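Novice: Please work out how this folds:
(chains A and B)
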Amino acid sequence: MAKYIVKRVFYLLLTLFIIASATFFLMKLMPGTPFNNPKIPAEQLAALRKANGLDKPVIVQYGKYLLGVLHGDFGTSYQFAGQSVSHLIASRVAPSLQIGAQAMVVGTLLGILLGAIAAIRANSWVDSVATIFAILGRSIPNFVFAALMQYWLAYKWHIFPIALWDGFSSSILPTLALAMAPLAQTARFMRTEMVDVLNSDYIELARSKGESEWQVVAKHALRNSMIPIVTIIGPMAVDLMVGSLVVENIFAIPGIGEQFVRSILTNDYPTIMGLTMMYSVMLVVVLLIVDILYGFIDPRIRLAGGSK
Amino acid sequence: MADYKINADSFKLAHIEKEAQEHISTPSLTFTQDAFRRLKKNKVAMVSLWILCIMIFLSVISIWFSPHNPNTQHLNWNNLPPKLGNLNIPGFNGHGLVRGEYIDAYKASKVPDGTWFALGTDSLGRDLLSRILAGTRVSLFVAFMATLFDLTIGIIYGIVSGWNGGMIDNILQRIIEIISSVPNLVVVILMLLVFKPGLLSIIVAIAFTGWVTMARLIRAQTLQLRDQEFILAAKTLGESPIKIAWKHLIPNLSSTIIIQTMFTIPTAIFFEAFLSYIGIGIPAPKASLGTLLSDGQKNFRFLPYQMVYPAIVISVLMLAFNLLADGLRDAFDPRSAR
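Specialist: Residues are numbered from 1 along each chain as shown, chains lettered A, B, ... in the order given. Below is the predicted model of the structure:
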């Protein structure tokens, strides 16, 4: 186990190094400069370039950049003069984390519930409804969900605030919009697992001991069906990050997703690089934790076997 | 005892035709035929297949038969509500809410009789239906091309990796491990930043991130197939590895390839729409489902139809692809759980 973790951490660091280098050189290739205002006089431009370290050879810039990354320093934002990127990101992490976590919890819990009910009442109308729900959640893009909910629930019926980041009530709609995909995914997964488990021998044993159906489900079936759900938490986290980009934009939430889109549209390289690194770190770490957790939760799984 | 005569005829063979015994009453089915037979029984999948065929047909035929030119602007006729000829169906009669009053928006904008826009016009007076048709075409094109690329790369990579094994496999798998741990989105966005946004760069960006899953599946299957007798036979007969891959591996991998392809297409459609939606996808004035959605979003509160119709189209498209993919998986791999 320890050897496995060490190996994984090594790959993690290698991956992050490659991402950091790739983003740096890609940014260097990019057309356009942050100072594309034609009114800036030549000497002022030179001064600006010097202040941002853009006059040095690329390799020196690269070294400086890598050193900065190690310290969590991504330079200063081009878009907001004088603001350091790490500061900018830090000020925007909280809303994104809140919505992401809420969506994850809501999505998984409701998904488990829906999937379990569908499995217990397999091939009944409840099952069909749950299946339809899961397919809709998987197929319809979350920005469509977000926009439709914003129109009906917020604009037409005034149940929730339309946008703006102001307290818990304004986080409900974005959470729901983001939770759709994890919900559908979990429900689908849970149903398949639970149907398998309910047909297994130990459930038969529990039934023959005279336990009530409720006890069988709650004590034996549910727990064992939930183990594999851990494996989809990783991909789910990725989906949530992708989803947060648009959902935060639609609901005007001051989170990192919204910042990412804005930085892309304004050619704010340092911020783009910083956010790219942050997304990558979060993702890679989540995947690692999930893999390790899975080995601990279910000892039957041989970690050496497969990578994913 | 009466003498019982045993008839010699009793010992003759009953009338049996050798051919009749061996007769096969139903035609023997190949694997593919069998799979399609199962698919045909799946009503949901068949309906999805038909819907997809119709949508693809309509979006392609609109190159020649579009109700209006999707890029022609009628600045005086902007934001007209849907109108279907002179049929007076609520929602399609050209009446719109202006300052709290329902009025005939077509009359107010001085649109000549006989000119109508089935799904209304957008903020630049372009016909929404034509744009949706053109946009669907672009989205489908991007999705198909991206899938084709990632299919080709994935299959070649997977077969090379699985077939050779050893050192080559090890290196190729490490590369995959690294690529797959970079978030897709980050790669796509970075690529679109470097290359100019456009059809080709979107296709490349989506394909670049999508092939990994295919390569993994193909490799795992190749590893299993590699040691089987028919491959050994082919090797013994002196067939070249390329010929073995083409003639023996790929036919045996076909169900994996078909299923995975069907799951890749909706993902590609989603990614294209997503990128266009956040503004780094298909550049204006070209329409795609994503750009239509993001344009519609701007006027959503007052002119919901501009967003609702593209939303319906993309949702139906995604649903149909996903349901068909599910159906195909059940058909090709009957053992797989739902």
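Novice: For A:Pro270, list the residues it contacts.
Specialist: Counting by Cβ atoms under 8 Å, 6 or more residues apart in numbering or on different chains, A:Pro270 touches A:74-78, A:85. Placement of C-beta: from N, CA and C, glycine included.
Novice: Is B:Pro70 part of a helix or strand, or is it coil?
Specialist: The local conformation at B:Pro70, judged by DSSP: H, G, I helix; E, B strand; the rest coil, is coil.
Novice: Surely it touches B:Arg126?
Specialist: Yes - using Cβ atoms under 8 Å, B:Pro70 is in contact with B:Arg126, at 6.4 Å.
Novice: between those two, who's got more neighbours?
Specialist: Set B:Pro70 next to B:Arg126 and count neighbours by other Cβ atoms under 10 Å in any protein chain shown: B:Arg126 wins out with 24 against 21.
Novice: What distance do you get for that one to B:Thr72?
Specialist: In this view, B:Arg126 and B:Thr72 are 7 Å apart by Cβ to Cβ, to the nearest Å.
Novice: Point out where the chain drops to low pLDDT.
Specialist: No chain in the question, so chain A it is. Within chain A, the ranges that satisfy pLDDT under 70 run A:30-38, A:52, A:81-82, A:162-164, A:298-308.
Novice: let's do chain B instead
Specialist: In chain B (pLDDT under 70), the answer is B:1-3, B:16, B:85-92, B:94, B:97-102, B:108, B:110, B:113-114, B:334-338.
Novice: 50 instead?
Specialist: For chain B, the stretches flagged by pLDDT under 50 are B:337-338.
Novice: Could you list the domains of it?
Specialist: Domain assignment for chain B, taken from automatic domain parsing, gives B:47-77+B:124-336, B:81-116.
Novice: and the last one, how far apart are its ends?
Specialist: Just to be clear, that refers to domain B:81-116. Using Cα to Cα, to the nearest Å, the end-to-end distance of domain B:81-116 comes out at 10 Å.
Novice: May I have the residues that are in contact with the residue of chain A found nearest chain B?
Specialist: Relative to chain B, the nearest point of chain A is A:Ser139 (4.1 Å; Cβ to the nearest Cβ). Residues in contact with A:Ser139 (Cβ under 8 Å, 6+ apart) are B:266, B:315, B:318-319, B:321-322.
Novice: between these, which is closest to B:Cys53?
Specialist: Using Cβ to Cβ, B:Phe321 comes nearest to B:Cys53 of the contacts of A:Ser139, at 12.1 Å.
Novice: Identify the residue spatially nearest to A:Arg138, adjacent ones excluded.
Specialist: Spatial nearest neighbour of A:Arg138, excluding adjacent residues (Cβ to Cβ, 6 or more residues apart in numbering or on different chains): A:Ala184 at 4.4 Å.
Novice: Flag every buried residue along the host helix or strand of A:Phe296.
Specialist: Assessed by DSSP states H and E, A:Phe296 sits inside helix A:269-297. For helix A:269-297, burial by neighbour count (16 or more other Cβ atoms under 10 Å in any protein chain shown) applies to A:269-280, A:282-284, A:286-288, A:290-291, A:294-295.
Novice: same question, stretch B:232-243
Specialist: Using 16+ other Cβ under 10 Å as the test for burial, stretch B:232-243 gives B:234, B:239.
Novice: what are the C-alpha coordinates of stretch A:210-228, in CSV please?
Specialist: Presented in CSV, the C-alpha positions along stretch A:210-228 are these (Å, rounded to 0.1, in the frame of the first residue of the first chain):
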residue,chain,number,x,y,z
GLY,A,210,-36.5,-13.6,9.1
GLU,A,211,-35.4,-10.0,8.9
SER,A,212,-37.9,-7.6,7.5
GLU,A,213,-37.4,-6.3,4.0
TRP,A,214,-36.6,-2.9,5.5
GLN,A,215,-33.9,-4.3,7.7
VAL,A,216,-32.5,-6.3,4.8
VAL,A,217,-32.3,-3.1,2.7
ALA,A,218,-31.1,-0.8,5.3
LYS,A,219,-28.6,-3.0,7.1
HIS,A,220,-27.2,-5.2,4.3
ALA,A,221,-28.0,-4.1,0.8
LEU,A,222,-27.6,-0.3,1.0
ARG,A,223,-24.1,-0.4,2.5
ASN,A,224,-22.7,-2.9,0.1
SER,A,225,-24.2,-1.2,-2.9
MET,A,226,-22.7,2.2,-1.9
ILE,A,227,-19.1,1.0,-2.0
PRO,A,228,-18.6,1.3,-5.8
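Novice: Which stretches in the stretch 51-200 of chain B count as strands?
Specialist: With DSSP state E, counting those that start in this stretch as the criterion, the stretch 51-200 of chain B has strands at B:95-98, B:101-104.
Novice: okay, now residue 166: neighbour count?
Specialist: No chain was given, so I picked chain A. Other residues within reach of A:Asp166, judged by other Cβ under 10 Å, total 9.
Novice: could you do chain B instead?
Specialist: By other Cβ under 10 Å, the residues close to B:Gly166 number 7.
Novice: And for B:Ile63?
Specialist: 10.
Novice: hang on, the earlier thing: of the contacts of A:Pro270, which are in range of chain B?
Specialist: Residues of the contacts of A:Pro270 in contact with chain B (Cβ under 8 Å from any Cβ of the partner chain): none.
Novice: most neighbours, which of the residues you listed?
Specialist: A:Val85 (28 neighbours).
Novice: quick one: which of the contacts of A:Ser139 sit in strands?
Specialist: Cross-referencing the contacts of A:Ser139 against strands under DSSP state E gives no overlap.
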